[in-house]
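# need a 3D model of the sequence below.
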Amino acid sequence: MSDVTGAIEKIESAKNYKKSPKGWAKRWHAEMAAADKRVKRWHKQGARIQARYQDKRGDHGREGLADENKNAFRVNLFNSNITTQRNMLYGNPPKTDVSRRYADAEDDQARVAGTILQRMLNTTVENSGDDTKSALGFCLDDRLLPGLGVARIRYDYDSDQKEIPPLIGEDGMELAPGYTEEVISNETAPIDYVHWDDFRWGWARTWSEVPWIAFRSYIDKDRAKERFGDKKAEKLSYKNKSITDETEARQNSDEITDAWDRAEVWEIWNQKTKQVFWWSRGIDETLDILEDPLKLFGFWPMPEPMLANCTTSLLLPQPDFAIAQDLYNEIDALETRIGIITTAVRVVGVYDQSAEGIKRMLTEGFENELIPVENWAAFAEGKGLDGKIDWMPVGEIVAALDKLVGMRSDAMALLYEVTGMAELMRGGDGPDRETAEAAGSKRQFASVRVQGLQEDFARFASDLMALRAEVISKHFSPETIVKQSNILFSTDAEFAEKAIQLIKQPEEAAWRIKVEPETLAMMDYARLKKERADFIQGLAQFLQAAMPLAELDPNAIGPLLIMLKWSMAGFKGSNEIEGVLDKAIDQMQKAGDQSKDKEPSPEELKAQADQAKHKNDMELQQTKHQNAMEAINKKAEMDVAELRAELEKELEVIRVETQAEIKREIAQAQAAIMQDDHETRNTMKVDDNKPRPNNGGSGEG
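Next comes the predicted model:
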């Protein structure tokens with residue numbers, strides 16, 4: 001067996017552990033010991049960060065500064081930055097939007113199913129006894145401080161005992177005995193906040209690789225007996241706020257003292273076997289084993305947690321404070337020096353004790369009063385006051401103080417850049433003529449880092465609500481769904497039965513319904529107002545264009561309403577209005593059917609005949625016009641073809657004549673060249689017959 005402080009038992013194969021309560025207990029001892037070792041350093045770091053956030057002096061170590069320094073001054077910018085981020089990320093209670101995944105206008109079953117789930121999810125959040133609002137806030141705090149936010153979903157219900165009377169026949173004989181039946185009276189899917197110190201997971205590099213997760217709870221002896229039985233409850237170790245070895249040093253204080261002795265129990269969800277185990281340190285068997293109690297698609301009763309600065313090397317968060325802790329500590333060191341120097345800056349000096357007049361001048365002197373000095377000659381020889389008194393150099397101290405203040409400002413500016421707060425503050429600055437919408441959008445999206453954190457928080461909340469919707473679809477009875485959604489009193493009551501059938505088929509509903517958060521951060525009401533104004537404007541334009549057609553042909557009203565419904569399906573919050581349109585379309589179709597069944601009057605028959613004759617005349621005229629146009633087109637085509645043939649003949653004649661002319665010019669040129677060559681040769685022969693001069697001088701021949 002292994003523990004937190006000892007050596008970890010290495011697991012070579014799962015076959016080394018029997019599939020029994022004792023075999024599983026031995027395996028979980030080894031797994032939990034390794035997990036505790038892995039998170040030990042991060043847990044200590046998280047405790048120090050929380051103490052730093054609350055500015056608890058002496059509760060945590062500080063690199064570079066000693067906690068024993070009673071003269072230390074601190075600027076808790078960390079608290080200020082975290083508070084700003086939290087208010088920006090979580091400004092409103094969560095509202096969930098459940099709608100059709102592809103906004104298909106004709107899929108009324110999915111639309112009403114989304115309305116039912118949306119009503120149930122939002123009504124549950126608004127209940128005073130629900131913990132969803134605070135759970136999400138606590139998870140966000142844990143993400144911003146130690147770096148891990150965790151919450152989980154449960155299924156809970158209340159039951160009553162209903163007495164079924166015996167079945168009595170007509171002859172008074174008992175046909176079937178009476179019995180007691182358990183009836184579910186209330187069903188809920190609560191969301192529980194999980195403290196970051198009460199969560200463990202198996203070794204993994206990414207969340208998809210996690211083999212198991214575990215949640216810690218502290219239960220008293222009465223609860224243990226009720227849950228696990230008297231025999232196993234007696235084996236548990238009950239202590240005042242039971243804590244593990246690695247947290248004892250930092251949690252052993254009067255602040256966590258509890259009146260009850262409680263036992264530490266771990267609820268372990270194993271992905272591979274799809275089982276849930278209840279286990280506690282110090283006993284040789286598991287407390288309980290259940291087969292996949294929730295039957296969720298992903299098995300885990302929780303979404304992927306919010307993890308800070310996690311890499312693919314190891315699934316272990318790194319708090320945001322650790323990224324900028326040196327700057328926080330530097331600012332505190334500078335503030336400490338500034339505080340000490342500020343305290344020291346005062347008018348103080350030393351004087352010659354033998355010069356009693358100087359002391360009286362500082363303590364007894366009044367306006368227009370002279371203090372006598374004995375032995376004035378000696379006093380004057382000693383340079384008077386300049387030689388008898390010397391003040392502390394306040395100017396040099398103030399100069400040093402100004403330098404420290406400047407260094408602190410530079411460090412704070414660098415800290416804001418590192419943490420992203422500078423981008424948020426710059427987002428609020430803009431030109432004077434900048435619109436309110438543009439300024440609001442700049443403030444909302446000024447920091448990419450904060451925007452990414454906002455998206456992660458929205459993803460976390462959306463996944464939680466999706467898990468709650470899945471629990472509702474798989475475990476809630478149809479009667480409970482109808483009661484909690486109050487759907488029978490809405491305009492979509494006619495689709496309620498089919499919608500509940502879809503909800504009770506979560507495999508199919510997952511492809512037709514989506515769950516996402518509508519509001520979590522500070523809502524941009526100007527943007528919301530503009531979206532609705534654009535919708536009203538588009539609706540008005542559609543009606544303006546459709547009214548003439550509807551007046552011309554009343555039968556077109558039905559198709560126009562269907563087009564309007566199709567266009568509205570893409571707008572958020574149009575589910576209830578679509579129900580009104582469905583009724584209007586249905587009424588139009590019924591009115592059309594009634595008009596078809598009604599026998600027409602003679603006047604209507606005559607009008608229809610006139611209309612048919614007019615239509616035939618128009619079609620005949622149109623046919624004649626088309627025939628005439630076709631004849632004209634054919635004649636034009638023939639004329640064009642004749643012109644093209646004549647043009648081609650003329651071009652051929654021009655081409656032949658041009659080639660003949662070119663040949664003649666070439667022959668003439670060749671003849672001229674030959675004549676020139678003949679004349680040149682004759683000239684050379686005449687020159688050869690002439691006597692040549694004697695270049696050898698006047699000698700004899």
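# pull the distance from stretch 330-338 to the chain's centre.
Its chain's C-alpha centre and that of stretch 330-338 lie 37 Å apart, by C-alpha atoms, centre = their mean, to the nearest Å.
# what about the helices in the stretch 151-300 of the chain?
Along the stretch 151-300 of the chain, counting by DSSP state H, counting those that start in this stretch, helices occupy 221-228, 230-235, 245-251.
# which of these has the lowest average pLDDT?
Of all the helices of the stretch 151-300 of the chain, the minimum mean pLDDT falls on helix 245-251 (a mean of 45).
# any idea how far Phe78 is from the residue nearest to Leu327 when sequence neighbours are not counted?
Leaving aside its chain neighbours, Leu327 sits nearest to Leu415 (4.3 Å; criterion: C-beta to C-beta, 6 or more residues apart in numbering). For glycine as for every other residue, the C-beta is placed from the backbone atoms N, C-alpha and C. The gap separating Leu415 from Phe78 is 9 Å, by C-beta to C-beta, to the nearest Å.
# same check on Gln537?
47 Å.
# higher neighbour count, the two?
Between Gln537 and Phe78, counted using other C-beta atoms under 10 Å, the more crowded position is Phe78 (24 against 10).
# so what's that one up against?
Listed by C-beta atoms under 8 Å, 6 or more residues apart in numbering, the contact partners of Phe78 are Arg52, Tyr53, Phe321, Tyr328.
# which ones among these are found in helices?
With DSSP state H as the criterion, helices contain Arg52, Tyr53, Phe321, Tyr328 from among the contacts of Phe78.
# now, which of those residues sits nearest Val482?
Taking C-beta to C-beta as the measure, Val482 lies nearest Tyr53 of the ones in helices among the contacts of Phe78, at 46.3 Å.
# OK, contacts around the closest one?
For Tyr53, the contacting residues are Asn76, Phe78, Asn79, Ile82, Leu145, by C-beta under 8 Å, 6+ apart.
# could you identify the most distant pair in the residues you listed?
Using C-beta to C-beta, the pair of the contacts of Tyr53 lying farthest apart is Asn76 and Leu145, separated by 13.3 Å.
# domain ranges for this structure?
77-145+319-348+393-522, 350-391 (automatic domain parsing).
# mean pLDDT for these: which is lowest?
Of all the domains of the chain, mean pLDDT reaches its minimum on domain 350-391 (a mean of 65).
# circling back: from the contacts of Phe78, which two are the most distant?
Farthest-apart pair in the contacts of Phe78 is Tyr53 and Tyr328; separation 10.9 Å (C-beta to C-beta).
# where's the residue positioned nearest the centre of the chain relative to Leu89, distance?
When C-alpha atoms, centre = their mean is applied to the chain, the residue found nearest the centroid is Glu455 (1.5 Å). Remark: distance between Glu455 and Leu89 (C-beta to C-beta) = 10 Å.
# got it, and Asp288?
Noted for Asp288: a distance of 38 Å to Leu89, by C-beta to C-beta.
# tell me which of the contacts of Phe78 is nearest to Trp28?
Looking across the contacts of Phe78 and measuring by C-beta to C-beta, the closest to Trp28 is Phe321, at 32.4 Å.
# which residues in the stretch 101-250 of the chain form strands?
Counting by DSSP state E, counting those that start in this stretch, residue ranges of the strands within the stretch 101-250 of the chain are 148-153, 156-164, 167-168, 174-176, 179-188, 191-194, 199-201, 212-219, 238-240.
# select, out of those, the one closest to Arg41.
Among the strands of the stretch 101-250 of the chain, strand 148-153 comes nearest to Arg41, with 13.8 Å by C-beta to C-beta.
# quick check: mean pLDDT of the closest one?
In the prediction, strand 148-153 has an average pLDDT of 95.
# which strands and helices sit next to it?
On a contact count with 3 or more C-beta pairs under 8 Å, 6 or more residues apart in numbering; DSSP states H and E, strand 148-153 meets helix 132-144, strand 191-194, strand 306-307, helix 448-475.
# at 6 Å instead, please
For strand 148-153, the helices and strands in contact under the criterion 3 or more C-beta pairs under 6 Å, 6 or more residues apart in numbering; DSSP states H and E are helix 132-144, strand 191-194, helix 448-475.
# how far does the longest one sit from the chain's center?
Centre-to-centre, helix 448-475 and its host chain are 8 Å apart (C-alpha atoms, centre = their mean).
# what's the following helix or strand past it packed up against?
Going down the chain from helix 448-475, the next helix or strand is helix 478-485, by DSSP states H and E. Contact partners of helix 478-485 among helices and strands, from 3+ C-beta pairs under 6 Å, 6+ apart: helix 108-126.
# what comes up buried for the helix it packs on?
Using 16 or more other C-beta atoms under 10 Å as the test for burial, helix 108-126 gives 108-122, 124-125.
# do the same with stretch 268-279
With burial defined by 16+ other C-beta under 10 Å, the residues of stretch 268-279 counted as buried are Ile268, Trp269, Asn270, Gln275, Val276, Phe277, Trp278, Trp279.
# now the end-to-end length of that stretch.
8 Å (C-alpha to C-alpha, to the nearest Å).
# what residues does it touch?
With C-beta atoms under 6 Å, 6 or more residues apart in numbering as the test, stretch 268-279 has contacts from 24-25, 28, 211-214, 265-267, 286-292, 299.
# among the helices and strands packed on strand 148-153, which comes closest to Pro559?
Shortest distance between Pro559 and the helices and strands packed on strand 148-153, using C-beta to C-beta, is found for helix 448-475: 35.1 Å.
# ok, Ala233 touching Lys225?
Yes - the criterion here is C-beta atoms under 6 Å, and Ala233 meets it with Lys225 at 4.3 Å.
# so which of the two has more stuff around it?
Using other C-beta under 10 Å, the more surrounded residue of Ala233 and Lys225 is Ala233, with 20 against 16.
# what's the burial count for Thr96?
For Thr96, the neighbour count with other C-beta under 10 Å is 26.
# and it, what element?
strand 95-100.
# what pairs with that strand, and is each one parallel or antiparallel?
Strand 95-100 pairs in its sheet with strand 513-519 (antiparallel), by DSSP bridges.
# and the helices in the stretch 301-450 of the chain?
Taking DSSP H, counting those that start in this stretch, the helices of the stretch 301-450 of the chain run over residues 320-344, 356-363, 376-381, 384-388, 394-419, 421-427, 436-444, 448-475.
# so which elements touch the last one?
In this structure, helix 448-475 makes packing contacts with strand 148-153, helix 506-509, strand 513-519, judged by 3+ C-beta pairs under 6 Å, 6+ apart.
# quick one: closest of these to Lys95.
Lys95 lies closest to strand 513-519 among the helices and strands packed on helix 448-475, at 4.3 Å (C-beta to C-beta).
# which positions in stretch 189-209 come out as buried?
Of all the residues in stretch 189-209, those buried under the rule 16+ other C-beta under 10 Å are Ala189, Pro190, Ile191, Asp192, Tyr193, Val194, Trp196, Asp197, Phe199, Arg200, Trp201, Gly202.
# and Phe495, how far is that from Trp24?
Where Trp24 is concerned, Phe495 sits at a distance of 48 Å (C-beta to C-beta).
# with Ala47 instead?
Relative to Trp24, Ala47 is positioned 31 Å away (C-beta to C-beta).
# more neighbours: the two, which one.
Trp24 (21 against 18).
# just give the nearest non-adjacent residue to that one, would you?
Thr286 (4.9 Å).
# can you check the pLDDT for the one you found?
What the model reports for Thr286 is a pLDDT of 94.
# wait, it touches Lys22, no?
No - look at Thr286 against Lys22 with C-beta under 6 Å: they stay out of range, at 8.1 Å.
# the more surrounded of the two?
Shown here are Thr286 and Lys22; by other C-beta under 10 Å, Thr286 has more neighbours (23 against 13).
# show me what contacts that one?
Counting by C-beta under 6 Å, 6+ apart, Thr286 makes contact with Pro21, Trp24, Ala25, Phe277, Trp279.
# now render the buried residues of stretch 268-279 as TSV, adding pLDDT and distance to Glu679.
Below are these laid out as TSV (pLDDT from 0 to 100; distance: C-beta to C-beta, whole Å):
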residue	pLDDT	distance to Glu679
Ile268	97	121
Trp269	97	118
Asn270	96	118
Gln275	95	121
Val276	96	122
Phe277	97	124
Trp278	96	128
Trp279	95	127
